[in-house]
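Student: sharing a model prediction with you, sequence too.
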Amino acid sequence: MEHFFCGTARRCITPPPALLPDLRGLKQHRFAGVLDDLYVRVVVLDCGAQRAVLIGFDMTTAPCSAAFLQETAKAAG
């Protein structure tokens, strides 16, 4: 009998208040403040032979550099 595993995680990625004056949004406008916290959410599905990792960011863009993808693949096995 093969087992199926599923795990989830969530981490707050809202920049600390000290960084907000230096951040820029669309059209280089400064951020006025934080309305809602930003999160990254992860779902991992594993059936023993294969594993899938789904990552969702509360942002319009997410880090997709080769280094980020390699580290994610390494951490997920």
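Tutor: Arrived safely. Residues are numbered from 1 along each chain as shown.
Student: what distance do you get for Ala18 to Ala75?
Tutor: Here Ala18 is placed at a distance of 28 Å from Ala75 (Cβ to Cβ, to the nearest Å). In this view, the C-beta of every residue, glycine as well, is placed from N, C-alpha and C.
Student: ugh, wrong one, Thr60
Tutor: For Thr60 relative to Ala75 (Cβ to Cβ), the value is 24 Å.
Student: next one: Arg11
Tutor: 13 Å.
Student: and the helices in this protein, which stretches?
Tutor: With helices called from DSSP state H, the chain shows them at 66-76.
Student: which secondary element of it has the worst mean pLDDT?
Tutor: Least confident element among the helices and strands of the chain, by mean pLDDT, DSSP states H and E: helix 66-76 (a mean of 82).
Student: which residues touch the most centrally placed residue in the chain?
Tutor: Against the mean C-alpha coordinate of the chain, by Cα atoms, centre = their mean, the closest residue is Val40 at 3.5 Å. Counting by Cβ atoms under 8 Å, 6 or more residues apart in numbering, Val40 makes contact with 10-11, 13, 55-58.
Student: do that again at 10 Å, thanks
Tutor: 9-13, 55-59, 62-63 (Cβ atoms under 10 Å, 6 or more residues apart in numbering).
Student: can you list the low-confidence ranges for this protein?
Tutor: Filtered on pLDDT under 70, the chain yields the residue ranges 1, 24-32, 62-64.
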